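Undergrad: got a sequence here, can you build the structure:
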Amino acid sequence: MKVPAIRDAIQEVQGNLEVPEIRVWCHPPKIGKSGDDYYYTFKSFKAAINFIAKHPESEDYPLIAFRGYELSIFRMEAEK
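TA: Reported below is the predicted structural model:
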């Protein structure tokens, strides 16, 4: 089994949040619209996943933002 490289699961971002937040990024070009990328924050993963299911412009997975990094715990699943 292989675990994805950390660079595939974590990225550096601006800011230095001391309290983690759950984010879902949206990309207007993904649905044929113009505009800059943006994100929404959520209080739970359930709320974030429900949002993703209803918005095709969103990323496939929520991220955790904390202390200048975004981490995708869903991309850390072990590969066969």
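Undergrad: distance check, the residue positioned nearest the centre of the chain against Ser34.
TA: Nearest to the mean C-alpha position of the chain, counting by CA atoms, centre = their mean, stands Leu63 at 3.1 Å. Distance of Leu63 to Ser34, given as CB to CB, to the nearest Å: 24 Å. All C-beta atoms are positioned from the backbone trio N, CA, C, and that covers glycine.
Undergrad: scan the chain for its longest helix.
TA: With secondary structure taken from DSSP state H, the chain has its longest helix at helix 45-54.
Undergrad: just checking, next helix/strand downstream of that helix?
TA: strand 63-66 (DSSP states H and E).
Undergrad: contacts for that next one?
TA: With CB atoms under 8 Å, 6 or more residues apart in numbering as the contact definition, strand 63-66 has outside contacts at 13, 15, 17, 19-25, 70-73.
Undergrad: Arg23 is in contact with Tyr40, correct?
TA: Yes. Between Tyr40 and Arg23 there is a contact under CB atoms under 8 Å: 7.1 Å.
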